[in-house]
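Visitor: I need the structure of the sequence given here:
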Amino acid sequence: MLTKWRFLFSALVVCLASNAILSGATGKKTDSLRLKVRAQLSSRSDLIKVLRRRALRRPQSNAAAPGYNYVTFVPYVTREAGTRTNLGLNNVTPSSIAQGSSPSAHADVTLVDQQGFLSGEGSYTVRSNELLQVNDVITDLGGDVDLGWLFILSDEPLDVWASVIENSTNDPSIETGSSFGGTRLMIQSSVKTDRFQSSLALINVGSGGNVNVKIYDYEGQLLETKKVYVEEFGMYYNPDIRDSTSGTYGPIIIEAEDPGIYLLASSIVKSPEGTGGFFPAVPAPHPNLQSVAGIWQGSLTGKTLNAQATVTLFQDNGTLYGGLEINSGSFPTATKTISISGHEQASKSPVQFLLQADDNVDSAVGFFLLSLNTGVLSGSKMDGKLLYIDEKGGQDSGTFTLSRTGDIFSP
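Guide: Now for the predicted structure:
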């Protein structure tokens, strides 16, 4: 059923891989995810990095079969040591461009083992507003392992979760599926005491490489760094991640050494009775990232563009969003209050930001785009290069200089 892997180049272009890797291996290795068609393209967002890696399609001979636009990962499923894992698929889509109102979602679920090999698979249909619960999902998928992770592709968006259940008590621990990972993640809390201990499940859907797992205490002091190698599609699992730092608790930072690695993770904290709960890994900012939220004011200067502006920036880790207000001077558009968004350029050292403002219904110039590419941020100063282009052929380049003048929320 799972015959061909493809990946997305962007929201508009699906590029079929041109470099197939073939193997004469038999049995389980024949189904290795690493032997599927692969390719390498560049992208600008973490989500595209996930989507581009593996986009699965049904055989072309089945004309009625759907394609896929959505991917979700569940980093940890198990039936070890008197446990079982149920999978939940919620279809919350009221309307679809492809299928109209109340669309059913078709999902292909792949079970992957710790070495990155395909271990089980299944297909499910979830009606609009339905919760489909797959009990003991490893068994239902025909899995031949007791520990692994799930890769889920669907033609409509799904809310995905898993429930890891202690068979002796029927106590559940809920794990949320995710489409987002990164090269730097954080487990917000983990513990090792006589009453509790934390695990770590870490999967890599990028290229294989070294990963540093940094164990901190609650005061932010680094206690230990575990270096582990996680191969492509592989899984690192440690049931007692703080085993060598007993009597401590605190966050865990997970850092990939290679930018081609793409990680997702979760941690479950348990009592001696086996009950507990999950801490899903969240993306952590680049270690050199600066906090820049606030109100900024200054000049936008080009050959023809010469304006005074106010920029309000909200920040969520490496993502920026807010507004640009043209206060005075010459600016070619009729619109003077413009939404703006941006992101860190982590490949630059130190980290820089790219801010972009656009409007496709401006009455003066039609569509326009304004890009602000920061240089090195120094104190409360932000400067860099600007580029302006519009639908009527107008264009300009120059510089901008902004100073942080205040906070967004004042007492």
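Visitor: going forward, measure contacts and count neighbours with C-alpha atoms only.
Guide: Fine.
Visitor: contacting residues around the closest residue to residue 114 other than its chain neighbours?
Guide: Leaving out its chain neighbours, the residue that sits closest to residue 114 by Cα to Cα, 6 or more residues apart in numbering is residue 235, at 4.5 Å. If you count contacts by Cα atoms under 8 Å, 6 or more residues apart in numbering, residue 235 has them with 113, 114, 115, 116, 148, 149, 201, 202, 203, 204.
Visitor: and residue 123, which helix or strand is it part of?
Guide: Per DSSP states H and E, residue 123 falls inside strand 118-126.
Visitor: next up, phi/psi of the most centrally placed residue in the chain, please.
Guide: With distances taken as Cα atoms, centre = their mean, the residue of the chain nearest its centroid is residue 180 (1.8 Å). The phi and psi values for residue 180, taken as degrees, to the nearest 10, are phi -120, psi 140.
Visitor: re the thing from before, which strand residues bridge the residue nearest to residue 114?
Guide: In this structure, residue 235 has beta-bridge partners residue 203, where bridges are defined by DSSP bridges.
Visitor: i'd like the first residue to be 28 from this point on
Guide: All set: I'll call the first residue 28, so the last point we hit is now residue 262.
Visitor: separation between it and residue 139?
Guide: Between residue 262 and residue 139 the distance, using Cα to Cα, to the nearest Å, works out to 9 Å.
Visitor: could you do residue 254 as well?
Guide: The gap separating residue 254 from residue 139 is 22 Å, by Cα to Cα.
Visitor: more neighbours: which of the two?
Guide: Higher neighbour count among residue 254 and residue 139: residue 139, with 28 against 15, using other Cα atoms under 10 Å.
Visitor: between residue 262 and residue 139, which contacts overlap?
Guide: 175, 176.
Visitor: looking at this, residue 165 is in a strand?
Guide: No: counting by DSSP: H, G, I helix; E, B strand; the rest coil, one finds residue 165 to be helix, located in no strand.
Visitor: can you pull the contacts of it?
Guide: Counting by Cα under 8 Å, 6+ apart, residue 165 touches 104, 105, 106, 112, 138, 147, 172, 173.
Visitor: and residue 190, by the same measure?
Guide: Residues touching residue 190, when contacts are defined by Cα under 8 Å, 6+ apart, comprise 112, 113, 114, 115, 199, 200, 201, 202.
Visitor: in the strand or helix carrying it, what's buried?
Guide: With elements taken from DSSP H and E, the one containing residue 190 is strand 186-193. When burial is assessed from 16 or more other Cα atoms under 10 Å, strand 186-193 yields the following buried residues: 187, 188, 189, 190, 191, 192, 193.
Visitor: roughly how far apart are residue 334 and residue 429?
Guide: Look at residue 334 and residue 429: by Cα to Cα, they are 12 Å apart.
Visitor: next, show the common contact partners of the two.
Guide: Common neighbours of residue 334 and residue 429 (criterion: Cα under 8 Å, 6+ apart): residue 326.
Visitor: distance between the ends of stretch 431-438?
Guide: Terminal residues of stretch 431-438 are spaced 17 Å apart (Cα to Cα).
Visitor: what's the spacing between it and its chain's center?
Guide: Here the centre of stretch 431-438 is set off from its chain's centre by 30 Å, with Cα atoms, centre = their mean, to the nearest Å.
Visitor: quick one: contacts of it?
Guide: For stretch 431-438, the external contacting residues (Cα under 8 Å, 6+ apart) are 320, 321, 322, 323, 324, 339, 407, 408, 409.
Visitor: so what's residue 226 closest to, chain neighbours aside?
Guide: residue 266 (4.2 Å).
Visitor: just the helices in the stretch 278-427 of the chain please.
Guide: Here the stretch 278-427 of the chain has no helices by DSSP state H, counting those that start in this stretch.
Visitor: ranges for the strands of it?
Guide: Remark: strands assigned in the stretch 278-427 of the chain by DSSP state E, counting those that start in this stretch are 290-297, 303-307, 309-310, 321-329, 333-343, 346-357, 364-372, 379-389, 393-401, 408-417, 422-433.
Visitor: show the average pLDDT along the third one.
Guide: It refers to strand 309-310. Averaged across strand 309-310, pLDDT comes to 91.
Visitor: contacts for that strand?
Guide: Residues external to strand 309-310 that are found in contact with it (Cα under 8 Å, 6+ apart): 208, 209, 211, 212, 213, 214, 215.
Visitor: I'd say residue 155 and residue 116 touch.
Guide: No: with the criterion set as Cα atoms under 8 Å, residue 155 and residue 116 do not qualify as a contacting pair; they are 10.9 Å apart.
Visitor: ok, back up a step: most tightly surrounded among the strands of the stretch 278-427 of the chain?
Guide: strand 290-297 (a mean of 26; mean count of other Cα atoms under 10 Å).
Visitor: helices or strands next to that one in the packing?
Guide: Applying 3 or more Cα pairs under 8 Å, 6 or more residues apart in numbering; DSSP states H and E, we find strand 290-297 packed against strand 97-105, strand 211-219, strand 224-225, strand 227-231, strand 303-307.
Visitor: hmm, 7 Å instead?
Guide: Helices and strands touching strand 290-297, as assessed by 3 or more Cα pairs under 7 Å, 6 or more residues apart in numbering; DSSP states H and E, comprise strand 97-105, strand 224-225, strand 227-231, strand 303-307.
Visitor: for residue 290, which non-adjacent residue is closest in space?
Guide: The shortest distance from residue 290 to any residue that is not its chain neighbour, by Cα to Cα, 6+ apart, is 4.7 Å, and that residue is residue 231.
Visitor: list the contacts of that neighbour.
Guide: Residue 231 sits next to 257, 258, 259, 260, 261, 262, 288, 289, 290, 291 when contact means Cα atoms under 7 Å, 6 or more residues apart in numbering.
Visitor: does the fourth one count as helix, strand or coil?
Guide: At residue 260, secondary structure determined by three-state DSSP is coil.
Visitor: follow-up on the earlier one: restricted to strands, list the contacts of residue 190.
Guide: Secondary structure of those is defined by DSSP state E; positions in strands are 112, 113, 114, 115, 199, 200, 201, 202.
Visitor: thinking the last one is in contact with residue 188, fair?
Guide: So the one you mean is residue 202. Yes: counting by Cα atoms under 7 Å, residue 202 touches residue 188, with 5.6 Å between them.
Visitor: what's the closest non-adjacent residue to residue 362?
Guide: For residue 362, the closest residue by Cα to Cα, 6+ apart turns out to be residue 389, at 6.2 Å.
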